[in-house]
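Here is a sequence together with a model predicted from it:
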Amino acid sequence: MARTRRNFTAEFKAKVVLEVISGSKSMAEVCREYSLKADLLSHWKSQFLNNASKAFENDSETDPEQMRMAELERLAGRQSLELEILKKALGLLPRANEKGER
């Protein structure tokens, strides 16, 4: 019988690793509680510790594609605001009658 592979979310992995690192539970206790193998938990812990410095990286070092997306969203917002202002201004102007007189 084929076993299905379990997938764990990043939040779950972080929670489990933090339980071990904080000392609230031992590695063996966490493995028993969540039915995990010790080598898998050790792997998660090493990944967590290796990537811990990324939590303190500058926002300026983000993905260029994300920066471009954010800039385009700001531009769309600004254009939307300008359009609303122009619509309100147009409504305030006196309308010419149908004969073309002003």
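Yep, it's here.

Return the backbone torsion pair for the residue nearest to the spatial centre of the chain.
The residue lying closest to the centre of the chain (Cα atoms, centre = their mean) is Gln66, at 10.8 Å. Main-chain dihedrals, Gln66, degrees, to the nearest 10: phi -70, psi -40.

which stretches of the protein form helices?
10-22, 27-34, 38-50, 64-92 (DSSP state H).

What ranges in the protein fall below the confidence cut-off?
Across the chain, residues meeting the criterion (pLDDT under 70) sit at 59-62, 96-102.

which residues does Cys31 contact?
Taking Cβ atoms under 8 Å, 6 or more residues apart in numbering, we find Cys31 in contact with 37-38, 41. From N, CA and C alone the C-beta is placed, and that goes for glycine too.

most neighbours, which of those residues?
Leu41 (20 neighbours; other Cβ atoms under 10 Å).

quick revisit: need the helices of the chain in CSV with distance to Met1, can you?
Formatted as CSV, the helices of the chain follow (distance: least, Cβ to Cβ, whole Å):
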stretch, distance to Met1
helix 10-22, 26
helix 27-34, 23
helix 38-50, 21
helix 64-92, 44
